[in-house]
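> A structural model of the following input is requested.
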Amino acid sequence: MPEETTAIDYVMEKASGPHFSGLRSPTATSASRQPFVIGVSGGTTSGKTTVCDMIIQQLHDHRVVFVSQDSFYRGLTPEESKCVHEYNFDHPDAFDTEQLLDCIQKLKSGQSYQVPIYDFKNHHRCSDSFRQYAKSVKPAFDDFVLPSKKYADVIIPQGGDNHVAIDLIVQHIRTKLGQHDLCKIYPNVTVIQSTFQIRGMHTLIRDREISKHDFVFYSDRLIRLVVEHGLGHLPFTEKQVVTPTGMYGRKKSEV
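Alright, predicted model coming up:
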């Protein structure tokens with residue numbers, strides 16, 4: 001910044017010129033930031049979905065996508081459909097693992113993905129449920145879930161009832177998400193506190209069905225909030241002034 005130029009003049013000079021509200025294609029030099037992926041595993045009815053829902057509720061100021069493995073059950077063959085009551089839905093072969101991995105890879109690269117909807121109905125009685133648990137659920141847990149326990153980063157006893165463990169996980173996630181690439185390059189980078197207004201506008205401009213007029217309108221509103229927040233970080237000194245009527249007043253002047 002030139003010595004004879006004040007801070008406010010420098011900001012206005014950099015902000016002068018044409019202003020475009022819209023998306024720009026990322027350049028080759030801009031490092032893309034991959035999403036933070038968390039895998040949650042466990043036995044059937046162990047509380048996986050409950051834990052994920054509780055974490056998502058506490059991360060309301062971040063964009064969280066929940067992908068359930070239940071959506072990737074592969075379709076049954078006619079022979080398997082005839083004896084569906086004998087089919088082991090807890091075996092890894094019951095899932096379309098390749099499609100699940102493709103979904104995760106595309107989400108990590110910032111692409112959209114149409115998660116399949118699996119249509120299944122459970123009409124088991126209590127006795128049938130216990131029989132199915134002893135026949136397929138428990139053996140599948142012992143053969144596939146329990147051996148992978150040693151590879152887990154965090155083990156949560158009591159599932160969704162363990163609020164202490166969930167709070168620690170949420171705190172760790174916030175720490176990881178707070179390690180922005182820009183903060184490593186520019187230590188003076190500040191992030192505007194998330195509010196319902198800001199989250200609402202972010203939701204609107206991320207909607208692919210939004211009109212061009214609404215996209216420009218809400219983008220400009222976000223830009224104004226960023227500029228106002230940035231001006232609040234400029235150095236100011238308080239001065240006393242005398243009005244033409246002889247009254248005293250105070251004003252802030254840039255350093």
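
> all helices of the stretch 51-200 of the chain, in order?
Assigned by DSSP state H, counting those that start in this stretch, the helices in the stretch 51-200 of the chain fall at 78-82, 97-108, 126-132, 138-140, 163-178, 181-185, 196-205.

> pick the most deeply packed of those.
For the helices of the stretch 51-200 of the chain, the largest average neighbour count (mean count of other CB atoms under 10 Å) is found in helix 138-140, namely a mean of 16. Backbone N, C-alpha and C define where each C-beta goes, glycine included.

> how's this protein carved up into domains?
Domain segmentation of the chain under automatic domain parsing yields 48-178, 181-254.

> need those in a markdown table with mean pLDDT, can you?
What follows is these, written out as a markdown table (pLDDT from 0 to 100):
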| stretch | mean pLDDT |
| --- | --- |
| domain 48-178 | 76 |
| domain 181-254 | 82 |
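
> to residue 39, which of those domains lies closest?
Across those, residue 39 has its closest neighbour in domain 48-178 (9.0 Å, CB to CB).

> before we move on, back to that, now for the domains of the chain, which one comes closest to residue 35?
For those, proximity to residue 35 was assessed by CB to CB; domain 48-178 is nearest, at 5.7 Å.

> roughly how far is that closest one from the heart of the chain?
In terms of CA atoms, centre = their mean, to the nearest Å, the centre of domain 48-178 is found 18 Å from the chain centre.

> which stretch among the domains of the chain is buried most, on average?
The highest average neighbour count among those, using mean count of other CB under 10 Å, belongs to domain 48-178 at a mean of 13.

> where does residue 45 land on pLDDT?
Residue 45 carries a pLDDT score of 76 in this model.

> meant to ask about residue 24, not that
As predicted, residue 24 sits at a pLDDT of 43.
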